[in-house]
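**Student:** Pasting a predicted model and its sequence here:
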Amino acid sequence: MKTTNELKKHKVLIANRGEIAIRIMEACCKLGLKFVALFTAPDQHSEHCVMAQKLGGDESLYRVSSYLDANEIFAVADHAKATAIHPGYGFFAEDYRFARRVAQRERKLIFIGPSWQVIRELGDKINTKRLARKLGVPTVPGSDKPVTDDLEAENIAKSLFDFQKEQGVGNPVILVKASAGGGGMGIEEVTDLDKFRSVLRRIKNYSKRQFRDESVLIEQRIFDFNHLEVQVLADRTGMSPVHFGTRNCSVQSLGRQKRIEVAPGFDPTSTRYAFDAQKVLEDITEYSLRMAKEAGYDNIGTWEWIVSPTGQPFLMEVNTRIQVENGVSARIASIKGQKGVDLIAEQIRVGLGAALGYAQEDICLEGVGIEYRIIAEDPDNKFIPWVGRITSFDWPDFPWLTMHTQVPRDREYEIPTDFDPNLALAIVWGQTLEEARIRGKEFLHALTLCGENASGEALKSNISFLERKSDTVLVF
Amino acid sequence: MVDVKTLLQELREEPYEKIVIRAPHAGTVEFVSSTPGTRVVGPSGTWKEKPGTLLIRLEREKNKKPIYAPQKGEIMALADLKPGEFVQAGQELMTIRHYLTREEVIGRILRQSLFLFLAPEKGRYYFIPDVDIKIKTKGSQSVAVEEGLELFILSRMKRETAIRYTGPSGIIYAIYFDTNDSVERESPLIGVCPEDQLGQIQEVVSRVQSDWEEQD
């Protein structure tokens, strides 16, 4: 394993944009590493471009045609003499073919993420389900391979309706999901077989347009669940993964897009649950580590769980990458007594070959973190994104607040329409859930976010939605 | 109805278009046609299957992308770049002076004659699948539109919204967007010819075809 000093010869190409690009730059600086960042035309006014030049100089920023052109990214990596690629989240982060090319091309680079074999194994929802079932980890009933044939899809749907009726479910519902989708995109519910065909056709068309893949997954819909996650980290030995606790991501928009994430996933000390919440947290953590060990997991990753109202957990999928919400887990963590954990820096460090250097017992979790995703959207109208110009964006720098954003504070900013609508991530910390909620609302109340679009319509945001939801986070 | 004579006169006074060739992606550049004044040709053949003059090779990851002249014309200027120099996406490489063709003149005049349905918001646009198939198999002029028809899917920030057509009934005479491009708000998406004006539009087309002389 490599020492921290040996790592310093590396230069990291950041194959991403926005706030995650900024966090990767900052993590590189923290570790004493050089970096090179990318931008595309719609992102030219993003703060990540400003930060790249500020932290790395003019030579550290390249314009590319797309964040999804692998050849172009490699051309920039070679020209900039980068030795490693950090994919961030989205784009190439879970593309095992890309990770394999990074590691196997003539001028080899390091992919800062799990090895391509691990991404291939666990990045595939079907393989993950098979591995989970093999290890006795509970999963949601449904298809265990991507389905492309309409007749086969219909048979699976019928068997899931029948299964739910046998289980005494009064109004059975199934989900049709784009196999290549993620983050809540390309999912629809079906309540009866007659409607199944039209939904299947719609999802296949959507999936073809968005992901160039028509295959779908069909699963039982579990109602009124909580969405929990386990944050896992391991070094290249893949021998001793550790966890950084759980998160609850149940506050979502209508389209199942996360809006608030809370760490830890439940708070049995202050909130009543109809089941043993502490045991559920321990169970999903143990299941996640069991799978990580079996798969030889060798970087950062998230195990995503559905927890039913009776406290039954089902594994949903594994995200073989850093996630948007990693910061809220880091916020409540300390390693060997040191606070200010940076999971992205940890990911880079172990990704470049350093040993983890600590064990599970060295990690402590304290207090409650709440992460708010600040988005220009209309929560009263299906969370439709609002597009226009942000004229002012500012907040008081509270000591318990961490902000991650690509939106400049000192100038106006046109929201690009080509990417996710996230404007900022605000993480607040409190010693207790109550304190975190109060601080969260104090922050949201003090936040300034104004703008207007070409029709003169004022900016719409989810701030009031986040304020409303703050009172009930972790209540199940 | 538009004044075709005046429009043609205006176009004759400035019959050129300046085409800037930019690097479609980052990579190392090699000029093949590098002398200002050199005549170049655009793609040809029934399906434009024969590429135009090879202007530049742009290499990324051992993959040489040929950049051909998109139109007929002559090279006006070249960027000051050494062979093998690394360029970033969007960097200006060359400028071509192009004499407008009949088809382009017709396109310009039609933009002023047809009813233009404008993009209500910035984003990527797709025809709804049924219309898309019809356009691909029978051409845009086989599609009749009327007020309230669900015609487009607007995709932005990974969200999709159905967009209904508003305007006079007619046929889609021209399409002004590509599904891979982000369309600015109020840019034209389609040009619709009301059925009762089809004769007049065809007259405009014949008039330009007889009055506009193409350059050899």
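**Tutor:** Structure received.
**Student:** From here on, just use CA atoms for contacts and neighbour counts.
**Tutor:** Will do.
**Student:** Mind telling me what element residue 30 is part of?
**Tutor:** With no chain named, the answer covers chain A. Here A:K30, judged by DSSP states H and E, is contained in helix A:18-31.
**Student:** The intended chain is chain B.
**Tutor:** Judged by DSSP H and E, B:E30 forms part of strand B:27-31.
**Student:** Distance from the chain centre to the helix or strand containing B:K136, please.
**Tutor:** Using DSSP H and E, B:K136 sits in helix B:129-138. Mean-position distance between helix B:129-138 and its chain equals 20 Å (CA atoms, centre = their mean, to the nearest Å).
**Student:** Pairing partners for whatever helix or strand comes next after that helix, with directions?
**Tutor:** Next in sequence after helix B:129-138, counting helices and strands by DSSP H and E, comes strand B:144-145. Paired strands of strand B:144-145, with direction, are strand B:170-175 (antiparallel) (DSSP bridges).
**Student:** and the next helix or strand after the strand it pairs with, which strands flank it?
**Tutor:** Following strand B:170-175 in sequence order, the next helix or strand is strand B:182-183 (DSSP H and E). Under the criterion DSSP bridges, strand B:182-183 sits next to strand B:123-127 (antiparallel) in its sheet.
**Student:** what residue ranges in the chain are flagged as low confidence?
**Tutor:** In the absence of a named chain, chain A is used. Where chain A drops to pLDDT under 70, the residues are A:182-183.
**Student:** actually chain B
**Tutor:** In chain B, residues with pLDDT under 70: B:1, B:216.
**Student:** which non-adjacent residue is nearest A:K469?
**Tutor:** A:V251 (7.4 Å; CA to CA, 6 or more residues apart in numbering or on different chains).
**Student:** on that earlier part again, buried ones in the helix holding B:K136?
**Tutor:** Using 16 or more other CA atoms under 10 Å in any protein chain shown as the test for burial, helix B:129-138 gives B:131-132, B:135.
**Student:** Distance to chain A added to those, as JSON lines?
**Tutor:** Formatted as JSON lines, these follow (distance: CA to the nearest CA, whole Å):
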{"residue": "B:V131", "distance to chain A": "13"}
{"residue": "B:D132", "distance to chain A": "12"}
{"residue": "B:I135", "distance to chain A": "17"}
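**Student:** Report all helices and strands that the strand holding B:E30 contacts.
**Tutor:** Packed against strand B:27-31 by the contact rule (3 or more CA pairs under 8 Å, 6 or more residues apart in numbering or on different chains; DSSP states H and E) you find helix A:70-79, strand B:54-60, strand B:86-87.
**Student:** mind listing the helices for the chain?
**Tutor:** No chain in the question, so chain A it is. For chain A, the helices defined by DSSP state H occupy A:4-7, A:18-31, A:47-56, A:70-79, A:96-104, A:116-123, A:125-134, A:150-166, A:193-211, A:277-295, A:326-331, A:343-351, A:433-446, A:463-470.
**Student:** my bad, chain B
**Tutor:** B:4-13, B:102-113, B:129-138, B:198-211.
**Student:** Could you say which of those helices is packed most deeply?
**Tutor:** helix B:102-113 (a mean of 17; mean count of other CA atoms under 10 Å in any protein chain shown).
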